[in-house]
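Engineer: Provide a 3D model corresponding to the input given below.
(one chain, ligands or ions: 1)
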Amino acid sequence: MAQYDYLIVGSGLFGAAFAYLAHKKGKKCLVLDRRSHLGGNIYCEKIGGINVHKYGAHIFHTNNKDVWSFVNSIVEFNRYTNSPVVRYKDKMFNLPFNMNTFHEMWPDVYTPEDAQRRIEEQKAEALSKMKADGVSEPRNLEEQAKVLIGEDIYHALIEGYTEKQWGRKCTELPSFIIKRLPVRLVFDNNYFNAKYQGIPMGGYNELIEGLLKGVETKVGVNYLKDRTELNALADKVVYTGALDEYFDYNEGKLQYRTVRFQTETLDKPNFQGNAVINYGDSN
Ligand SMILES: Cc1cc2nc3c(=O)[nH]c(=O)nc-3n(C[C@H](O)[C@H](O)[C@H](O)COP(=O)(O)OP(=O)(O)OC[C@H]3O[C@@H](n4cnc5c(N)ncnc54)[C@H](O)[C@@H]3O)c2cc1C
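Structural biologist: Predicted coordinates for the structure are as follows:
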């Protein structure tokens with residue numbers, strides 16, 4: 001009989017939640033992570049009294065009451081509401097696209113009717129330009145976005161941000177990436193439509209510590225390096241890492257979207273006035 005019921009590779013939200021539930025059912029688990037800490041992408045580093053989300057800002061959101069009750073049974077959450085702002089050239093815009101955004105973009109737009117009319121005009125203009133160029137179906141993300149929302153919004157709120165995220169020109173990205181661009185004809189900057197959202201009061205590390213309480217963990221261990229020996233430790237393996245790596249890149253590398261983090265500590269009480277600002281220019 002193996003030493004553990006489950007060997008869980010990865011101590012992120014999935015691995016930790018799995019370990020918590022298995023442990024509760026009396027299963028013996030070992031959680032491994034190759035990073036030097038637990039928590040995966042939601043890991044926080046305390047810098048100057050602030051819980052810095054080391055791998056990017058994370059806001060927990062769900063429509064599922066059971067999930068919300070579950071996480072709240074482990075740690076208390078604050079009432080943080082994600083409402084990003086875009087800075088493009090000399091202007092600021094609210095996201096997701098809503099009446100605030102439309103008024104900021106077109107100051108003579110005050111009502112949902114005004115906004116709808118302006119969006120339809122912009123869409124028709126983009127469509128006729130495309131037709132004049134002999135294009136019947138959008139061939140790339142740029143053309144797709146323009147026919148869905150028009151040029152003004154595309155340039156300010158989609159183009160630069162998307163190109164930085166994907167590391168490619170919008171004209172080189174496939175159109176299927178954005179089949180729909182939801183617009184809200186209400187003054188509501190709440191990014192997520194989810195019923196429940198927030199961030200643990202003490203940071204995400206407390207959530208992970210709560211989930212892994214009583215579970216054996218090891219950090220700094222790369223499962224894929226000693227797969228055969230590690231597999232022998234448990235009846236079942238739960239792997240939460242990258243799929244292409246798991247299969248030794250047999251089918252090549254998956255084109256993951258990725259981000260590069262640059263950290264700077266500024267001696268200011270408040271740098272940008274909002275936790276999330278999207279810088280919409282191309283550089
Ligand atoms: C910048 C950014 C912002 C995000 N913001 C949000 C948000 O606001 N709200 C939201 O709901 N979601 C957000 N997400 C998505 C969110 O991060 C993930 O859905 C969630 O954290 C994934 O949890 P996970 O356990 O599946 O994976 P991860 O957190 O990635 O954990 C996987 C773990 O497995 C480990 N691992 C991998 N391979 C091996 C190996 N060979 N051996 C040992 N260990 C290994 C890794 O080190 C890692 O710690 C964001 C993602 C990013 C990148």
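
Engineer: got the buried residues for stretch 235-251?
Structural biologist: Neighbour counts over stretch 235-251 (16 or more other CB atoms under 10 Å) mark 237-241 as buried. Bear in mind the C-beta positions are built from the backbone N, C-alpha and C, glycine included.

Engineer: which of those residues lies closest to the ligand?
Structural biologist: residue 241 (2.5 Å; CB to the nearest ligand atom).

Engineer: quick check: the closest one touching residue 8?
Structural biologist: No: with contact defined as CB atoms under 8 Å, residue 241 does not count as touching residue 8 (10.9 Å).

Engineer: contacting the ligand as well, which ones from the buried residues of stretch 235-251?
Structural biologist: Restricting these to those near the ligand by CB under 6 Å from any ligand atom leaves 240-241.

Engineer: residues from this structure in reach of the ligand?
Structural biologist: 9-15, 32-35, 40-42, 55-56, 58-59, 61, 222-224, 240-241, 259.

Engineer: please identify which helix or strand holds residue 208.
Structural biologist: Per DSSP states H and E: residue 208 is located in helix 204-211.

Engineer: now do the buried residues in that helix.
Structural biologist: Buried-residue list, helix 204-211, by 16+ other CB under 10 Å: 204-208, 210-211.

Engineer: for the helix or strand following that helix, which residues meet the burial criterion?
Structural biologist: Counting by DSSP H and E, the next helix or strand C-terminal to helix 204-211 is strand 216-219. Residues of strand 216-219 classed as buried under the neighbour-count rule (16+ other CB under 10 Å) are residue 217.

Engineer: and the contacts of strand 216-219?
Structural biologist: Outside strand 216-219, the residues within contact range by CB atoms under 8 Å, 6 or more residues apart in numbering are 4, 11, 29-38.

Engineer: again, 7 Å this time
Structural biologist: Residues from elsewhere that reach strand 216-219 (CB atoms under 7 Å, 6 or more residues apart in numbering): 11, 29-33, 35-38.

Engineer: sketch out the strands for the stretch 1-150 of the chain, chain order is fine.
Structural biologist: All strands of the stretch 1-150 of the chain, identified by DSSP state E, counting those that start in this stretch, fall at 4-9, 29-33, 44-47, 50-53, 60-62, 85-88, 91-94.

Engineer: of those strands, flag the one that's most buried.
Structural biologist: Greatest average neighbour count among the strands of the stretch 1-150 of the chain goes to strand 29-33 (a mean of 24), per mean count of other CB atoms under 10 Å.

Engineer: re earlier: make JSON lines out of the strands of the stretch 1-150 of the chain and add distance to residue 268 and mean pLDDT.
Structural biologist: Shown next, in JSON lines, are the strands of the stretch 1-150 of the chain (distance: least, CB to CB, whole Å; pLDDT from 0 to 100):
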{"stretch": "strand 4-9", "distance to residue 268": "41", "mean pLDDT": "98"}
{"stretch": "strand 29-33", "distance to residue 268": "34", "mean pLDDT": "98"}
{"stretch": "strand 44-47", "distance to residue 268": "14", "mean pLDDT": "94"}
{"stretch": "strand 50-53", "distance to residue 268": "12", "mean pLDDT": "92"}
{"stretch": "strand 60-62", "distance to residue 268": "27", "mean pLDDT": "97"}
{"stretch": "strand 85-88", "distance to residue 268": "17", "mean pLDDT": "94"}
{"stretch": "strand 91-94", "distance to residue 268": "18", "mean pLDDT": "96"}
